[in-house]
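> Okay, here's the prediction I keep looking at, along with the sequence it came from:
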There are 2 protein chains.
Amino acid sequence: MDVNLRQIRAFLAVVGLGGFTRAAAALNISQPALTIRIRQLEDQIGLRLFDRNTRSVQLTRVGQELLPVFQRLMKDFDSAMADIREFSEEPRGTIRVAVLPSFAAGPLPALIADFRARNPRVSFVLKDAVGKRVLAMVRNEEVDFGIGVGGVDEPDLDTIDVFEDRLVLVYPRGHAAGELPLASVPVISQFPLVLMDKDTSVRRLVDEAFAGAGSIATPACEATYMSTAVSMVRAGLGLAILPASAIEIRGFADIATRPIDDAGFVRRIVIIKRRGSSLLPAVEEFTKVLLAAANSCAATPGPCLDVEVQDGGAEALAVGVQGQ
Amino acid sequence: MDVNLRQIRAFLAVVGLGGFTRAAAALNISQPALTIRIRQLEDQIGLRLFDRNTRSVQLTRVGQELLPVFQRLMKDFDSAMADIREFSEEPRGTIRVAVLPSFAAGPLPALIADFRARNPRVSFVLKDAVGKRVLAMVRNEEVDFGIGVGGVDEPDLDTIDVFEDRLVLVYPRGHAAGELPLASVPVISQFPLVLMDKDTSVRRLVDEAFAGAGSIATPACEATYMSTAVSMVRAGLGLAILPASAIEIRGFADIATRPIDDAGFVRRIVIIKRRGSSLLPAVEEFTKVLLAAANSCAATPGPCLDVEVQDGGAEALAVGVQGQ
DNA sequence: TGCATTAATAAACTGCACTTATCAATGCAA
DNA sequence: TTGCATTGATAAGTGCAGTTTATTAATGCA
């Protein structure tokens, strides 16, 4: 008994329209084709569903009994299909993403808030982690994708450049560093420096950039958290070198930033995905939004992705997070 | 989006067996055919369901989300199909039947009781009515079929002979009628007769048989109910002519019956159905039982369908009746 | 009685789903 | 690393199910 959805639809059409010819037209098939379909259905279930002659078509008792069964079946099927269609048409589900702390605290919340405003059925699970952990979480499928630093070259992972995050010199407003004609490595290294901890990707980049310029970064102070580094700068302990995108360097009237005149002080922020792994449409959609946001602010001057975190950003994030 | 059941079954098979080759074998199709089915499904819903290469097949996030939807869908479908199959395999439903009173009170209860014992999901609605009402009820679809007297010749009704119900002479045991060498019409009409009311089919038959024998039936007494007629016979008011199948003439030691030696005293009991109208399988089944019962007792001597009404017959009838 | 309508049937055709054969990628063992 | 075995994808060919057109038969109605 291999009953077919087309047979069931044919049955319901004949019932609904009260005739084979009309039903066939509604189904966009010829009347003989419909006759055969109905006969097949009847043969397969072993029961006559219609008593028909050339002048009248009417349900048998059996047909009457089975009609609601078939109706419910098609209703269930169609609603399930509608459900499935929504999946591809309206992004939904939970997006799990691992992000560098600086990015998580920086532009991301606003982007998520915006995305969720347009796609209310999408929720987020955000995991902030250092570069290596981001890679690991993507690989383990703990997250759908990651946002990390570039230079990854693993065979099972794909990366997409999002934007270039410049490291900038952070100094107290009025400090001599602001007046320098050139902020190159040799010049910078004249000043006491507040550098990030050795484990951070920022520090690694700084060290590499100094090395590239034939110098060695020597900290006057070290900090693990960027906000600590900023406080040290404000206290006059030295100059810091921090990502331009970092939220920690904003909102203080007494500090200023300037680009460093050295190509080494740039890190590529990339989206990291498992190679050959399909993601939720919502994830694809969100990465597009990320790239679009990066491109649109790359076209404008000033630090990239310099998004003000509005009221509601953090709130939306909280609402969107689902427990694991 | 014309997703069909074979695609869904294919999807579930791949999930369940974890590979295309194994799933294809389970579905009794070739592996390329399965590959195509899955691709069709994915194309139609616009979503990739498996991430697959030659060494591994695993559900995408979307596939994981849709798996329970498809599972529920197939479960619902299969259980509905099982339901439908039961319809043809195990008789069920309500059989509505219009029956001549003599038959309804006679052999029918035992047959119904027996049928219900073997088909507990079948219930009966029994309507006893005179011949004309039986025909009308069949035609109006008030009942699924009728049991009436033969000789019906209506274009929209079909009849099937069940058995021949002889009218017999009912006389007090010891009465001279029992000793007669011949019980022909002329002989019978010598005695006072207890005849049924003019409206009954029995009386009509008696009148016709007498007319056929060139005589006229003249009642000494008339009765509407057979049991009344029997009482009259027992009281010595005359001889009655009643159906051999009538339950009313049994169970009394003081009366006896004998066939009447005239071919006219026979009525054909027939099943009456609407022409070209399909019935519940249970009804078809039951009519078969009726015919079988008639045939089996036709093979044995004595009055046909001479079924003793066991205890339980009437009870089963009551249980089976459903209110309308 | 003829006409119009409608489902069933016949015959021919079309296309889809299937099969076999083959390829390419991947993991594993030596 | 190399060769082998496994597995999914692809290509080409085939058969049949389902379709269409044309026709028939039955039925209700004027």
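Thanks, I have it.
> Only C-alpha atoms from now on, for both contacts and neighbour counts.
Fine.
> secondary structure element for A:Leu34?
For A:Leu34, the host element (DSSP states H and E) is helix A:31-45.
> Apart from its neighbours in sequence, what residue is nearest the residue of the stretch 101-250 of chain A found nearest DNA strand D?
Closest to DNA strand D within the stretch 101-250 of chain A is A:Pro155: 14.4 Å, counting by CA to the nearest atom of the strand. Take A:Pro155 and drop its neighbours on the chain: the residue closest to it by CA to CA, 6 or more residues apart in numbering or on different chains is A:Arg275, 7.9 Å away.
> what do you get for A:Arg52?
Leaving out its chain neighbours, the residue that sits closest to A:Arg52 by CA to CA, 6+ apart is A:Gln58, at 6.3 Å.
> Each with direction, which strands does the helix or strand hosting the one you found pair with?
Secondary structure assigned from DSSP H and E places A:Gln58 in strand A:57-59. If you go by DSSP bridges, strand A:57-59 pairs up with strand A:50-52 (antiparallel).
> averaged over its residues, what pLDDT does the partner strand have?
Strand A:50-52 carries an average pLDDT of 91.
> Contacts made by that strand with the rest, please.
With CA atoms under 8 Å, 6 or more residues apart in numbering or on different chains as the test, strand A:50-52 has contacts from A:Val57, A:Gln58, A:Leu59, A:Thr60, A:Gly63, B:Gly276, B:Ser277, B:Ser278.
> quick check, it touching DNA strand D?
No - applying CA under 7 Å from any atom of the strand, one finds strand A:50-52 out of contact with DNA strand D, separated by at least 8.8 Å.
> How about that strand and DNA strand C, any contact?
Yes - on the criterion CA under 7 Å from any atom of the strand, strand A:50-52 is in touch with DNA strand C at A:Arg52.
> Give the buried residues for that strand.
By neighbour count on 16 or more other CA atoms under 10 Å in any protein chain shown, the buried set for strand A:50-52 is A:Phe50, A:Asp51, A:Arg52.
> which of those lies closest to B:Gly212?
The closest of the buried residues of strand A:50-52 to B:Gly212 turns out to be A:Asp51 (CA to CA; 41.9 Å).
> The closest one - nearest residue in space that isn't next to it in sequence?
Per CA to CA, 6+ apart, closest to A:Asp51 is A:Gln58, 5.4 Å.
> list the contacts for the one you found?
A:Val15, A:Gly18, A:Phe50, A:Asp51, A:Arg52.
> could you redo the last one with a cut-off of 7 Å?
Applying CA atoms under 7 Å, 6 or more residues apart in numbering or on different chains, one finds that A:Gln58 lies in contact with A:Phe50, A:Asp51, A:Arg52.
> How about A:Phe77?
B:Leu73.
> From DNA strand D, how far out is it?
Using CA to the nearest atom of the strand, to the nearest Å, A:Phe77 is found at 19 Å from DNA strand D.
> what's that residue sitting at in phi/psi?
Dihedral pair for A:Phe77: phi -60, psi -50, per degrees, to the nearest 10.
> thinking again about what came up before, what comes up buried for the helix holding A:Leu34?
For helix A:31-45, burial by neighbour count (16+ other CA under 10 Å) applies to A:Gln31, A:Leu34, A:Arg37, A:Ile38, A:Arg39, A:Gln40, A:Leu41, A:Glu42, A:Ile45.
> Check those one by one and keep those near DNA strand C.
The residues of these that also fall near DNA strand C, by CA under 7 Å from any atom of the strand, are A:Gln31.
> any chance of the buried residues of helix A:31-45 in CSV, with distance to DNA strand D and pLDDT too?
Converted to CSV, those look like this (distance: CA to the nearest atom of the strand, whole Å; pLDDT from 0 to 100):
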residue, distance to DNA strand D, pLDDT
A:Gln31, 6, 93
A:Leu34, 6, 94
A:Arg37, 6, 94
A:Ile38, 10, 94
A:Arg39, 10, 94
A:Gln40, 7, 93
A:Leu41, 10, 93
A:Glu42, 13, 92
A:Ile45, 14, 90
